[in-house]
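Student: Sequence and computational prediction follow.
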Amino acid sequence: MNKKNIFFVLVVCIVIVAAIVNYSSPGLASNMIYSYSVTKSYTENVENTTNYAKVPFGKEVTKKVDYYSGVDLKDGEIPKRIEAELKGSFNKPVKYKQEMILTGPEKGYKYRNYFITEKRDKGEYTIIEKNKITGKEKKYDGTYIEPSSQDPLKNWSRDTK
């Protein structure tokens, strides 16, 4: 075999191995070829409050509260191979699941309202994908909203007359 044939066989083998790795584990193949750098810039904190129960004076209610808050990516076209890399740069999702006995208010009040307030951070992200072989870079921009790193969920109540 001459050098051209050996090189051709080597390239074919590399392509076959890359295809097998990509099929069995797309993230692994992507990380073999690409490196990523992610930057985030925080712009504001937003809150969403949900009233999940209203208990009258003298009553008791058993309530299951099941709440989930995750990362939402907006305004950006991100290839699937990059999503996991990008989402790994954000705060972990918040899961709140509890069964509680909720009581009505003290004498002098009619109802006790139970709330959960979700705090989320909004901002912009940039991810730069660099091809380790060619050195070529591609930039992706968008906005995000994620669970706040400080007190992402707060459970509280207020009595009304």
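Tutor: Great, that's in hand.
Student: hey, let's count contacts and neighbours off CA atoms from now on
Tutor: Noted.
Student: The helix or strand where E146 lies pairs with which strands, parallel or anti?
Tutor: Here E146 sits within strand 137-147, counting by DSSP states H and E. Sheet pairing for strand 137-147, assigned by DSSP bridges, gives strand 72-74 (antiparallel), strand 111-131 (antiparallel).
Student: Pull out the buried residues from that strand.
Tutor: Residues of strand 137-147 classed as buried by neighbour count (16 or more other CA atoms under 10 Å): 141-147.
Student: picking that back up, ranking the strands paired with strand 137-147 by mean pLDDT, which is last?
Tutor: Lowest mean pLDDT within those: strand 72-74, a mean of 83.
Student: What angle do strand 111-131 and the longest strand seen in the chain make with each other?
Tutor: Secondary structure assigned by DSSP state E gives strand 34-56 as the longest strand of the chain. Following axes from the mean of the first three to the mean of the last three CA atoms, to 10 degrees, one obtains 170 degrees for the angle between strand 34-56 and strand 111-131.
Student: CA atoms only: put strand 34-56 into PDB for me.
Tutor: Provided in PDB are the C-alpha atoms of strand 34-56 (Å, rounded to 0.1, in the frame of the first residue of the first chain):
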ATOM      1  CA  TYR A  34     -15.700  21.000  20.000                       C
ATOM      2  CA  SER A  35     -14.900  23.000  23.100                       C
ATOM      3  CA  TYR A  36     -17.300  25.500  24.600                       C
ATOM      4  CA  SER A  37     -17.200  28.700  26.600                       C
ATOM      5  CA  VAL A  38     -20.300  30.100  28.200                       C
ATOM      6  CA  THR A  39     -20.900  33.500  29.600                       C
ATOM      7  CA  LYS A  40     -24.000  34.800  31.400                       C
ATOM      8  CA  SER A  41     -25.000  38.300  32.300                       C
ATOM      9  CA  TYR A  42     -27.700  38.800  34.900                       C
ATOM     10  CA  THR A  43     -30.300  41.500  34.100                       C
ATOM     11  CA  GLU A  44     -33.100  41.200  36.600                       C
ATOM     12  CA  ASN A  45     -34.900  39.100  39.200                       C
ATOM     13  CA  VAL A  46     -38.500  38.300  38.600                       C
ATOM     14  CA  GLU A  47     -41.000  36.800  41.000                       C
ATOM     15  CA  ASN A  48     -44.100  34.700  40.400                       C
ATOM     16  CA  THR A  49     -46.500  34.100  43.300                       C
ATOM     17  CA  THR A  50     -49.200  31.400  43.300                       C
ATOM     18  CA  ASN A  51     -52.000  31.100  45.800                       C
ATOM     19  CA  TYR A  52     -52.400  27.400  46.200                       C
ATOM     20  CA  ALA A  53     -54.900  27.200  49.200                       C
ATOM     21  CA  LYS A  54     -57.500  29.300  51.000                       C
ATOM     22  CA  VAL A  55     -58.500  27.800  54.400                       C
ATOM     23  CA  PRO A  56     -61.300  29.300  56.400                       C
END
